[in-house]
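Asks: Coordinates only, no sequence provided:
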């Protein structure tokens, strides 16, 4: 029996979250304005950002929090 989690982050990979945020904000420039961390503002790439986020809990929490906000905004605008 499979249980469905109500947590929108459940089963969601960090790379998919990051790609969706970059897409939603039309690039790293706008994403860096939302979350002011160096990996988004100086020579950003998905790979370098993932390396940083996997090692840095506080930054990952900010990204996950922003992702949840974006999901709420998308749902609200439908």
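Replies: Alright, I've got the coordinates. Being a predicted model, the structure only gives us computed values, none of them experimental.
Asks: Stretch 42-49: which residues count as buried?
Replies: For stretch 42-49, a neighbour-count test (16 or more other C-beta atoms under 10 Å) marks 44, 49 as buried. Bear in mind the C-beta positions are built from the backbone N, C-alpha and C, glycine included.
Asks: end-to-end on it?
Replies: Using C-alpha to C-alpha, to the nearest Å, the end-to-end distance of stretch 42-49 comes out at 10 Å.
Asks: What average pLDDT does it get?
Replies: Stretch 42-49 carries an average pLDDT of 95.
Asks: and the top helix by length along the chain, which residues are buried?
Replies: Longest helix in the chain, counting residues (DSSP state H): helix 57-76. Within helix 57-76, the residues that count as buried by 16+ other C-beta under 10 Å are 59, 60, 62, 63, 64, 66, 67, 70, 71.
Asks: nearest spatial neighbour of residue 8, skipping sequence neighbours?
Replies: Leaving aside its chain neighbours, residue 8 sits nearest to residue 71 (5.7 Å; criterion: C-beta to C-beta, 6 or more residues apart in numbering).
Asks: Am I right that the one you found is in contact with residue 7?
Replies: No - using C-beta atoms under 8 Å, residue 71 makes no contact with residue 7, being 11.4 Å away.
Asks: So for stretch 8-18, what gets flagged as buried?
Replies: 14, 17, 18.
Asks: picking that back up, mind putting the buried residues of helix 57-76 into a markdown table with distance to residue 36?
Replies: Output for the buried residues of helix 57-76, formatted as a markdown table (distance: C-beta to C-beta, whole Å):
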| residue | distance to residue 36 |
| --- | --- |
| 59 | 10 |
| 60 | 15 |
| 62 | 9 |
| 63 | 12 |
| 64 | 16 |
| 66 | 12 |
| 67 | 17 |
| 70 | 17 |
| 71 | 21 |
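Asks: follow-up on the earlier one: how far is the longest helix of the chain from where the chain is centred?
Replies: With C-alpha atoms, centre = their mean, to the nearest Å as the basis, helix 57-76 stands 6 Å off its chain's centre.
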